[in-house]
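*Asks:* sequence isn't available, so here's the structure alone:
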Ligand SMILES: Nc1ncnc2c1ncn2[C@@H]1O[C@H](COP(=O)(O)OP(=O)(O)O)[C@@H](O)[C@H]1O
Ligand SMILES: [Mg+2]
């Protein structure tokens, strides 16, 4: 599928752990300021694929890849590319909320601080927390430990911490899977709001969630890209029989 | 039916026997500890009937074997502290840095090489360390600083530092590695370098574990005996000059135990008073380390 304004262009991507191929010959373009959902049964390579987009797989010894991932036209796996710089520009929210055992305030300011942010930190904290729809709940307790927040609040704090870096792309790996329905609704609402300013790639095993929040959907099965298209089409009239079987719950 | 009944009965007996053996084993260590406390307490008590506690704790001369006798433990304390501080200055920073390197920077292969080396270092008998100090470290020091005495605190401090280093490194490594990997990922995903991540996420998160390992290592340095006896000498000396011969509390106990001091006399009782004090110091430090470690578990669960 061709998109109008791609930020990430992935060509013939193969990802391996040791000898086993986890993602097979994937070519995808991710459109700017849209939400792209990656769906597929557990173990099909969704997280692997996502982590590869901001080089978070670098820490896994057995990881290797071939193919290309172009971000703003530059291959992020090129020798010249600095993984630290890429992660500043492509942020990530994880499956389990992982705030630092520091204050709420410091959770937000830490990333910008180490990256030499020169602006006003109070404004940054307020702006980021508002952006993550958390400000009203925590504005009076910014100096309390982030671990004192509920799971849903912690996850929104992680989103706030991510947007404080003003990344171009935000990767989310099942960001609501550890949360209750109410917090999940919060997060979904937030994602639709964030689309205005960020490109979002979200992994989810929840089909309704993909249908609700995303513009494009990418279906992976056993490491292979089966179908990629406009979410509405994928969920109403998929081209591929496997996709249809999966979204109608016949397997996975 | 009958068969099954008898089978379960024999199982029950077996269980009982096993339980008794296990309980007995646990009992042995409790009894031993109590016996040690009992002996130390009784002998120290008779010692303190003759020597006032304040003379013992604050006196600046330690000459229990010569007339006029004096029982001020401060020279031995100074000797011990010199070793503890000196070895701590080596082992704590180097141990922590080793742990940081192992857990954050080293590849799995490097780790697999360094870890066993640390274990070997930890397994070398302390008397060997003592000889190493005497025959290698001291001569080297004397080349650089010729005024150094043959027996000196510096050499002993260095060797005790090397001795407790593996313990610090390995406990700090455990503490750092027990920081959830998700926390690290969170840091890296914000564009942190390994150094920034270590400095402001992993090490602070592992802080109590690190401190606990420090306390344990220091308490080990307090109690270290053979290496300091060999390398530091037997001169009760109220000094913090590391180039002079000194005597630590443990080394004094060795001296009296090996010498021909008759049992039962006041000279002989001194070792129980010294031992008792040493016991109390290390006990307090171990309790502190345990408290810190438990406290730290709570933070994450
Ligand atoms: N760190 C790793 N080392 C080796 N194999 C891995 C690792 N992470 C994932 N895999 C393997 O890669 C495949 C894809 O896993 P993953 O990307 O986690 O799938 P998903 O997120 O879709 O559930 C699985 O077969 C999994 O076992
Ligand atoms: Mg996954």
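*Replies:* Alright, I've got the coordinates. Not measured: the values here are computed from a predicted model. Ligands and ions are numbered 1, 2, ... in the order given.

*Asks:* wait, doesn't residue A:227 sit right on residue A:240?
*Replies:* Yes: between residue A:227 and residue A:240 a contact is recorded at 4.6 Å, counting by Cβ atoms under 8 Å. C-beta here means a position set from N, CA and C on the backbone, and glycine is covered the same way.

*Asks:* shared neighbours, the two?
*Replies:* Residues touching both residue A:227 and residue A:240 (Cβ atoms under 8 Å, 6 or more residues apart in numbering or on different chains) are residue A:219.

*Asks:* quick check: the closest residue to residue A:235 other than its chain neighbours vs chain B, distance?
*Replies:* Counting by Cβ to Cβ, 6 or more residues apart in numbering or on different chains, the nearest residue to residue A:235 once its immediate chain neighbours are dropped is residue A:211, at 4.9 Å. For residue A:211, the distance to chain B equals 27 Å [Cβ to the nearest Cβ, to the nearest Å].

*Asks:* which secondary structure element contains residue 212?
*Replies:* All of this refers to chain A. Assessed by DSSP states H and E, residue A:212 sits inside helix A:207-213.

*Asks:* oops, chain B please
*Replies:* Per DSSP H and E: helix B:207-223 holds residue B:212.

*Asks:* quick one: that helix near chain A?
*Replies:* No: residues of helix B:207-223 contacting chain A under Cβ under 8 Å from any Cβ of the partner chain: none, with a closest distance of 9.9 Å.

*Asks:* number of nearby residues for residue 137?
*Replies:* In the absence of a named chain, this looks at chain A. Using other Cβ atoms under 10 Å in any protein chain shown as the criterion, residue A:137 is surrounded by 15 other residues.

*Asks:* that's the other chain; I wanted chain B
*Replies:* The number of residues near residue B:137, taken as other Cβ under 10 Å, comes to 20.

*Asks:* find the nearest non-adjacent residue to it, please.
*Replies:* residue B:155 (4.5 Å).

*Asks:* how much space between the one you found and residue B:232?
*Replies:* Using Cβ to Cβ, to the nearest Å, we find residue B:155 at a distance of 7 Å from residue B:232.

*Asks:* go on, residue A:136?
*Replies:* Counting by Cβ to Cβ, the gap from residue A:136 to residue B:232 is 65 Å.

*Asks:* and if you look at residue A:85?
*Replies:* Counting by Cβ to Cβ - residue A:85 and residue B:232 are separated by 53 Å.

*Asks:* just to revisit the earlier point, what is the mean pLDDT for the helix holding residue B:212?
*Replies:* For helix B:207-223, mean pLDDT is 92.

*Asks:* what is that helix packed up against?
*Replies:* Contact here means 3 or more Cβ pairs under 8 Å, 6 or more residues apart in numbering or on different chains; DSSP states H and E; on that basis helix B:207-223 packs against helix B:74-100, helix B:153-177, helix B:266-300.

*Asks:* and the pLDDT for residue 174?
*Replies:* Just so you know, I chose chain A. For residue A:174, the predicted pLDDT is 95.

*Asks:* nope, chain B please
*Replies:* pLDDT, residue B:174: 92.

*Asks:* the one 10 residues further on now?
*Replies:* According to the prediction, residue B:184 has pLDDT 94.

*Asks:* buried residues in the helix or strand hosting residue A:233?
*Replies:* Using DSSP H and E, residue A:233 sits within helix A:231-236. Of all the residues in helix A:231-236, those buried under the rule 16 or more other Cβ atoms under 10 Å in any protein chain shown are A:231, A:234-235.

*Asks:* residues from chain A in reach of chain B?
*Replies:* A:54, A:56, A:59, A:61, A:84-85, A:87-88, A:91-92, A:94, A:96, A:98-102, A:110-111, A:114-115, A:147, A:158, A:161-162, A:165.

*Asks:* out of those residues, which are inside strands?
*Replies:* A:91-92 (DSSP state E).

*Asks:* circling back to that earlier point, point out the most buried one among the helices and strands packed on helix B:207-223.
*Replies:* Mean neighbours per residue, mean count of other Cβ atoms under 10 Å in any protein chain shown, is largest over the helices and strands packed on helix B:207-223 for helix B:153-177, with a mean of 25.

*Asks:* and that one with helix B:74-100, angle?
*Replies:* Using axes from the mean of the first three to the mean of the last three Cα atoms, to 10 degrees, one finds that helix B:153-177 and helix B:74-100 are set 40 degrees apart in direction.

*Asks:* show me what helix B:153-177 is packed up against.
*Replies:* helix B:74-100, helix B:108-123, helix B:126-132, helix B:138-144, helix B:207-223, helix B:226-232.

*Asks:* confidence score at residue B:296?
*Replies:* Residue B:296 is given a pLDDT of 67.

*Asks:* again but with residue B:285, I slipped
*Replies:* 89.

*Asks:* that one contacts residue B:217, doesn't it?
*Replies:* No: at 9.7 Å, residue B:285 does not count as touching residue B:217 under the criterion of Cβ under 8 Å.

*Asks:* quick one: closest of the helices and strands packed on helix B:153-177 to residue A:41.
*Replies:* helix B:108-123 (30.6 Å; Cβ to Cβ).
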